[in-house]
Every structure is written in structure tokens, then in C-alpha cells.
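Enquirer: Just the structure for this:
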Amino acid sequence: MFWVGEEYGFGIQKASNFVLFFMFDCQSKGINDTIKLPPITGKLLDAKCYFAHGHCWFMTHTKEGSGEFYKAFIIDRKGNLVHQVANQVGDQNGCLKTIRGCCAAGAHLFMPTDDGVLRLDTNWGISTFKGTESVVSVESAIFTSKAGLTIVNPKQIWELTIK
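Expert: I've put the predicted structure just below:
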């Protein structure tokens, strides 16, 4: 599977316990298949990748033994691992609440949670936008817009601006 951003892409090839990570530039030929990330352990249930200028956020949802885990890897454009974090699904103290519906912009990843919009930074600073818990849930999708963030829910669309 692979994902493509505006300037480059990221992908994985998984066969049993073997995993190959790769990146490619959208404007040139060839791939970089020397990406060194920790192996994906357990059964891969879902994976997503979000791109921002200069880096991507590769996120997985795995089943390992009797537990399920969310993992996030921040990778720079050259394929270097910048940061990683993991927590068990449902962990109230964990910063990863989902891997779906997120949006990357600049040095940030915006994540929908039941507590509001969560902002993760590439240096793993974490903040929640107070007052957004009434318009966003873990099932929302977040997109960037000219005005700020657009929150898409099954029956509503919200435009959020920071003032």
C-alpha cells in the first residue's frame, strides 16, 4: 500500500514478518527503499499516512496478542525517523485516539477526538483546542481550509477558525 502527498509519497510492502518501507519523489524517477522504521508487529488492521511540508505522519492500527495498538511515526522527506509514539487503543492517557480523519499542516497533525481537536507537533508537543469537543468526535474527519479547519461529521460540517 502507498500514499501520495503533493510532493512525495510513502509506502509499505508487507509479507508475513517482512516489511519494506519506501518513499518516492513525485517529480523524479526511482524510490528510496532504505527507510529504517521499527517493524510492524502483530496483525496490521489499518494504516494511514498524512503529508505536510517536509515530513509525513505514518500511522498504524495493529492487533498484538489480546491488545490493539495505535502507532505513529514522523518521517522526514529523506526517510529519517524523526519521532515515534504508541499507545493501546482506548488508553485514556495515550495521545493517539484514532488514525483516521486526521489532517497534517505545517509541523502539526490535527486529530479528531471525543475531547475536541488534538494538535500534535513534530517534536511531540500536544495541545487540545478547547471548545471544539461539541463539534468533533473520534469519528469526524478534519481538513484544512483557507479559514482554518473544516470538521466533517455524518450530518454536519463545521468551519473552525482560530482568533
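Enquirer: Burial check on A86, number of neighbours?
Expert: By the criterion of other Cβ atoms under 10 Å, A86 has 16 neighbours. For the C-beta atoms, the positions are set from N, CA and C on the backbone; glycine is no exception.
Enquirer: so it makes contact with F73?
Expert: No - assessed by Cβ atoms under 8 Å, A86 is found out of contact with F73, at 9.4 Å.
Enquirer: Show me this protein divided up by domain.
Expert: Here the chain is described, according to automatic domain parsing, as comprising the domains 1-97, 101-163.
Enquirer: Low-confidence stretches in this protein?
Expert: Flagging of the chain using pLDDT under 70 yields an empty set of residue ranges.
Enquirer: element containing I74?
Expert: Following DSSP states H and E, the helix or strand that holds I74 is strand 67-76.
Enquirer: Which of the residues in that strand are classified as buried?
Expert: Neighbour-count burial for strand 67-76 flags 69-75 (criterion: 16 or more other Cβ atoms under 10 Å).
Enquirer: what sits against V138?
Expert: 97-98, 101, 112-114 (Cβ atoms under 8 Å, 6 or more residues apart in numbering).
Enquirer: Report the two of these separated the most.
Expert: G101 and D114 (12.1 Å; Cβ to Cβ).
Enquirer: which of the two has more neighbours?
Expert: More crowded of G101 and D114, by other Cβ under 10 Å: G101, with 22 against 12.
Enquirer: Quick check: the gap between the more buried one and C49.
Expert: 14 Å (Cβ to Cβ, to the nearest Å).
Enquirer: One more: K163?
Expert: 31 Å.
Enquirer: follow-up on the earlier one: what helices or strands is the strand holding I74 leaning on?
Expert: Packing partners of strand 67-76 (3 or more Cβ pairs under 8 Å, 6 or more residues apart in numbering; DSSP states H and E): strand 55-64, strand 81-88.
Enquirer: Out of those, flag the one nearest A105.
Expert: strand 55-64 (10.9 Å).
Enquirer: Can you dump the C-alpha atoms of the closest one in CSV for me?
Expert: Taking Å, rounded to 0.1, in the frame of the first residue of the first chain, the C-alpha atoms of strand 55-64 are listed here in CSV:
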residue,chain,number,x,y,z
HIS,A,55,7.6,15.2,6.6
CYS,A,56,4.8,12.6,6.8
TRP,A,57,2.9,11.1,9.6
PHE,A,58,2.7,7.3,9.1
MET,A,59,0.1,5.7,11.5
THR,A,60,-0.8,2.1,12.1
HIS,A,61,-3.5,0.2,14.0
THR,A,62,-2.4,-3.3,14.9
LYS,A,63,-3.6,-6.3,16.9
GLU,A,64,-0.8,-7.8,19.1
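Enquirer: No more questions from me, cheers.
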